[in-house]
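[1] Any chance you could fold what I've pasted below:
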Amino acid sequence: MQLSRRSRLARALLHLCGWSLEGSKPHARRCVVVAAPHTSNWDFVWLILMAAAYDVSINWLGKHTLFAGPAGPVMRWLGGIPVHRATANKLVEQIADAFASAAREDESLMLVIPPEGTRRRVDYWKSGFYHVARLANVPIVLSVLDYGRRSGGFGDEFMPVEIETDMTRIRAFYADSSGKYPDRFGPVRLRD
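    Numbers count the residues shown, from 1 in each chain. Below you'll find the model as predicted:
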């Protein structure tokens, strides 16, 4: 496989920083990428480098305030999509529509969603990632940044079928993962 210049540079930077890659590039061009554990602002830096190392373009949702001023164009260039949390009504449906539009245009859309929704410890994951994948009829791709092993990348890729079974699979994937701040990575579960 011929690596792009961007991919070679990202791999070199990760190697210099002591990180290794695990897994392989996702097969799906349109998917929901679960990003966990999410315990630090550094997760964003490693995420961007890992995506570049695999030579994939990702998109992610961020607070609209991140896109204000001179940082806005940079955040959009990095794949950011601004979200107004106060008016985020029907966000799942809006994102599913974006996947439908990408499919019509034969474009890629790899949307990264950290289901914890914050860098603080939470007792339950937000279920939006799952509902978006089901509604948009796209696979879920599990990704990990494991600070304990200093490795990250992509793992399981599957179509959502049944939430209990799928969450068991997701829980198993993240069972041995450690965030930058391990005490902030709570249980992998959804609210009933």
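
[2] Run through the residues that contact the residue most central in space within the chain.
    Nearest residue to the geometric centre of the chain (Cα atoms, centre = their mean): residue 112, 2.8 Å. Going by Cβ atoms under 8 Å, 6 or more residues apart in numbering, residue 112 touches 33, 35, 47, 58-60, 79, 143. To be clear about C-beta, it is placed using only N, CA and C from the backbone, and glycine gets the same treatment.

[3] how close does it sit to residue 15?
    22 Å (Cβ to Cβ, to the nearest Å).

[4] Residue 152 now?
    Separation of residue 152 from residue 15 (Cβ to Cβ): 13 Å.

[5] follow-up on the earlier one: per-residue confidence at the residue nearest to the centre of the chain?
    As predicted, residue 112 sits at a pLDDT of 95.

[6] Check whether it sits in a helix, strand or coil.
    Under DSSP: H, G, I helix; E, B strand; the rest coil, the three-state class of residue 112 is strand.

[7] ok, which stretches of the chain are helices?
    For the chain, the helices defined by DSSP state H occupy 5-16, 42-53, 71-77, 91-104, 128-136, 163-174.

[8] which of the ones you listed sits most buried?
    Of the helices of the chain, the one with the most neighbours on average (mean count of other Cβ atoms under 10 Å) is helix 128-136, at a mean of 21.

[9] Just the CA trace of that helix, in PDB.
    Output of helix 128-136 as PDB, limited to C-alpha atoms (Å, rounded to 0.1, in the frame of the first residue of the first chain):
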ATOM      1  CA  GLY A 128     -26.900   9.600  19.900                       C
ATOM      2  CA  PHE A 129     -24.000   7.800  18.100                       C
ATOM      3  CA  TYR A 130     -26.100   4.700  18.000                       C
ATOM      4  CA  HIS A 131     -29.300   6.300  16.900                       C
ATOM      5  CA  VAL A 132     -27.500   8.300  14.100                       C
ATOM      6  CA  ALA A 133     -26.000   5.000  12.700                       C
ATOM      7  CA  ARG A 134     -29.300   3.200  12.800                       C
ATOM      8  CA  LEU A 135     -31.300   6.100  11.200                       C
ATOM      9  CA  ALA A 136     -28.600   6.700   8.600                       C
END
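
[10] contacting residues around it?
    30-32, 34, 91-93, 95-96, 99-100, 111, 113, 115, 138-140, 159-160, 163, 166, 190.

[11] quick one: low-confidence parts of this protein?
    1, 85-89 (pLDDT under 70).

[12] leaving aside the residues next to it on the chain, what's closest to residue 120?
    Of all residues not flanking residue 120 in the chain, residue 184 sits nearest, at 6.1 Å (Cβ to Cβ, 6 or more residues apart in numbering).

[13] Surely the one you found touches residue 114?
    No. The pair residue 184 and residue 114 fails to qualify as a contact (Cβ atoms under 8 Å) at a distance of 11.9 Å.

[14] Settle it for me: which of these two has more neighbours?
    residue 114 (23 against 17; other Cβ atoms under 10 Å).

[15] Which residues are in contact with the more buried one?
    Shown in contact with residue 114 (Cβ under 8 Å, 6+ apart): 34-36, 38, 43.
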